[in-house]
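Peer 1: Quick check, what structure comes out for this input:
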Amino acid sequence: MQNNENKVALVSGANTGVGFQIAKALVENGYIVYLGSRDLKKGEAATEKLGGSAKAIQLDITNSDSINSAVKIVEKEHGYLTLLVNNAAISHAGLSGRTMEEVLGAQRASIAPLSELKAVWDTNVFGTLALTQAFLPLLHKSDNSRIVTVSSALGSLGNNSNPENPYRSNFDAVYGASKTALNGIFLSLAIELEDTPIKVHLVSPGFTATALNNFQGTDSVEEGSKEPIRVALAENLPNGSFTGPANFSGKDNVLPW
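Peer 2: Model (predicted):
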């Protein structure tokens, strides 16, 4: 354990959307930030916009070699990690160009192709966990480290079991349920790590207009990034928190599991 003077963060899927906004806020708040991007050139273009302490790193969370390479780079350059932001995700693995309604309609539990379900979960669930497991040794070497995982209120079983929830009909077996599984795994991790200095948080950006929903969300990416940025920068939130925008959650932005 060491008192790390520089705060070092890695954000997956950071070359665009919410991930980029989180990385931007971290840079502005003095972090050294690795922008994870499957396409390194896109990551480098994003770091040029941010300048300062931003660094592009090739990262495909479904590829173990890519993950291990990223770990080696951070370990060699800093020896520890203060903050891991799990942001990379996909909403479907089918035909591109479809509306959000068409995608969700094809992902109902009764008809969803298992191949597509497995492909989405491979990124959103298994890839996210694989990245986290790989970076845990470096997170343990920081004296105040955190894991922030971008989830979705759409994955809340509490919300989806409430008939008054206007977004309830959008809960599908592919994307929505992948976020439910993600929540369960990272709540399990939070419980496992509760006696360590590592805190685990889950956060929903709300209904944000990004490539995930064919840019059909109601909130701008800047608006939708506010809660993820708040959680990413906070160092005193209770371990195992799940929060979202005020219009999606209750008291103190807490979301039901």
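Peer 1: buried stuff in the helix or strand harbouring residue 22?
Peer 2: Using DSSP states H and E, the element containing residue 22 is helix 17-28. Across helix 17-28, burial judged by 16 or more other C-beta atoms under 10 Å covers 17, 18, 19, 20, 21, 22, 23, 24, 25, 26, 27. Placement of C-beta: from N, CA and C, glycine included.
Peer 1: Which neighbouring elements make contact with it?
Peer 2: strand 8-11, strand 32-37, helix 40-50, strand 83-86, helix 221-224, helix 226-233 (3 or more C-beta pairs under 8 Å, 6 or more residues apart in numbering; DSSP states H and E).
Peer 1: can we see that at 10 Å?
Peer 2: On a contact count with 3 or more C-beta pairs under 10 Å, 6 or more residues apart in numbering; DSSP states H and E, helix 17-28 meets strand 8-11, strand 32-37, helix 40-50, strand 54-58, strand 83-86, strand 146-150, helix 221-224, helix 226-233.
Peer 1: next helix or strand past the last one?
Peer 2: Same thing as helix 226-233. strand 241-243.
Peer 1: What are the contacting residues of that following strand?
Peer 2: Outside strand 241-243, the residues that touch it by C-beta atoms under 10 Å, 6 or more residues apart in numbering are 148-149, 151, 153, 155-156, 158, 183, 186-187, 190, 199-204, 227-228, 230-231, 234, 237, 249-250, 252-257.
Peer 1: quick one: which of those sit in helices?
Peer 2: Secondary structure from DSSP state H places 158, 183, 186, 187, 190, 227, 228, 230, 231 of these in helices.
Peer 1: shouldn't the third one be in contact with residue 180?
Peer 2: What it means is residue 186. No: between residue 186 and residue 180 there is no contact under C-beta atoms under 10 Å: 11.3 Å.
Peer 1: More neighbours: which of the two?
Peer 2: residue 186 (24 against 20; other C-beta atoms under 10 Å).
Peer 1: so what's that one up against?
Peer 2: 86, 125, 128-129, 132, 147-149, 151, 200-202, 240, 242.
Peer 1: and these, which are buried?
Peer 2: Using 16+ other C-beta under 10 Å, the buried ones in these are 86, 125, 128-129, 132, 147-149, 151, 200-202, 240, 242.
Peer 1: For the residues you listed, give me JSON lines that also has pLDDT.
Peer 2: Below are the buried ones among the contacts of residue 186 laid out as JSON lines (pLDDT from 0 to 100):
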{"residue": "86", "pLDDT": "98"}
{"residue": "125", "pLDDT": "98"}
{"residue": "128", "pLDDT": "98"}
{"residue": "129", "pLDDT": "98"}
{"residue": "132", "pLDDT": "99"}
{"residue": "147", "pLDDT": "98"}
{"residue": "148", "pLDDT": "98"}
{"residue": "149", "pLDDT": "98"}
{"residue": "151", "pLDDT": "97"}
{"residue": "200", "pLDDT": "98"}
{"residue": "201", "pLDDT": "98"}
{"residue": "202", "pLDDT": "98"}
{"residue": "240", "pLDDT": "98"}
{"residue": "242", "pLDDT": "97"}
